[in-house]
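Peer 1: Generate a structure from the sequence data that follows.
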Amino acid sequence: MQQIELFSTDELLVLAALDLEQEKLEEGLRKLKYLVKQDIVSDELDSMLGSVYAKLQLFGSAVDHYSALLERDPSRLHERFQLGMVYREMNEDSNAVECWDTVLEVEESYPPVLFHKALLLLVNEEVEDSKQLLQQLLNTADQDNYYVERARDVLEELTVSDSGATPITQKLDKVH
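Peer 2: Sure thing, here's the model as predicted:
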């Protein structure tokens, strides 16, 4: 990108977000890294960088950016959930659960956390606890919520198999 310095921080953040929406990761990352080089500190910058690095499976960098953001603003539930997902990808399940439990302390019915924590419990053969979270998700989320349908599928499969982790739950447990 030529003459990137002509753009303001806000313009570059918006342009980077558009690039990322269109899966133009290299172009979006180039803009974001330019802002980092300019010593810009921004919640949106760290949020987008955390997301890009997670997609690129550069999990250490994703943790760094999500953690920096959450240090400045601990109330960002989506980013705390995403940090938990990154830890899950890194097989740091206790860190993932810690992030998710922090989200649930603030919003006890946060659908993505309920669903992914339930899957993690299934993988660890804690079937009853998993079922409780999935049922909580069904009882509290809008019926057209993305996670409601998946929770129904998992519960249905659990009633059929009654053996914990199954092919569908293993497939759904893949984060990215």
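Peer 1: I'd assumed Gln82 was in contact with Ala96.
Peer 2: No: the criterion here is CB atoms under 8 Å, and Ala96 misses it with Gln82 at 10.7 Å. To be clear about C-beta, it is placed using only N, CA and C from the backbone, and glycine gets the same treatment.
Peer 1: got a list of contacts for the helix or strand containing Leu12?
Peer 2: Assigning secondary structure by DSSP states H and E places Leu12 in helix 9-21. Contact partners of helix 9-21, identified using CB atoms under 8 Å, 6 or more residues apart in numbering, comprise 4, 7, 25, 27-29, 31-32, 34-35, 38, 40, 42, 44-45, 48, 51-52.
Peer 1: send the alpha carbons of the helix or strand that that helix is followed by over as PDB?
Peer 2: Using DSSP H and E, the helix or strand that follows helix 9-21 in sequence is helix 25-37. This file holds the C-alpha atoms of helix 25-37, laid out as PDB (Å, rounded to 0.1, in the frame of the first residue of the first chain):
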ATOM      1  CA  LEU A  25      -5.700 -10.900   5.900                       C
ATOM      2  CA  GLU A  26      -2.400  -9.700   4.500                       C
ATOM      3  CA  GLU A  27      -3.700  -6.300   3.500                       C
ATOM      4  CA  GLY A  28      -5.500  -5.800   6.800                       C
ATOM      5  CA  LEU A  29      -2.500  -7.000   8.800                       C
ATOM      6  CA  ARG A  30      -0.200  -4.700   6.900                       C
ATOM      7  CA  LYS A  31      -2.400  -1.700   8.000                       C
ATOM      8  CA  LEU A  32      -2.500  -2.900  11.600                       C
ATOM      9  CA  LYS A  33       1.200  -3.500  11.800                       C
ATOM     10  CA  TYR A  34       1.800   0.000  10.400                       C
ATOM     11  CA  LEU A  35      -0.200   1.400  13.300                       C
ATOM     12  CA  VAL A  36       1.700  -0.700  15.800                       C
ATOM     13  CA  LYS A  37       5.000   0.700  14.300                       C
END
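Peer 1: when you compare where the following helix or strand past helix 25-37 runs with where helix 9-21 runs, what's the angle?
Peer 2: Using DSSP H and E, the helix or strand that directly follows helix 25-37 along the chain is helix 43-55. Helix 43-55 and helix 9-21 are oriented at 20 degrees to each other (axes from the mean of the first three to the mean of the last three CA atoms, to 10 degrees).
Peer 1: what's next to helix 43-55, contact-wise?
Peer 2: Contact with helix 43-55 is made by 13, 16-17, 20, 25, 28-29, 32, 35-36, 59, 61-63, 65-66, 68-69, 72-73, 76, 79, 82-83, 85-86, 89, 176, as judged by CB under 8 Å, 6+ apart.
Peer 1: Determine the number of other residues adjacent to Leu49.
Peer 2: Number of residues near Leu49 (other CB atoms under 10 Å) recorded here: 26.
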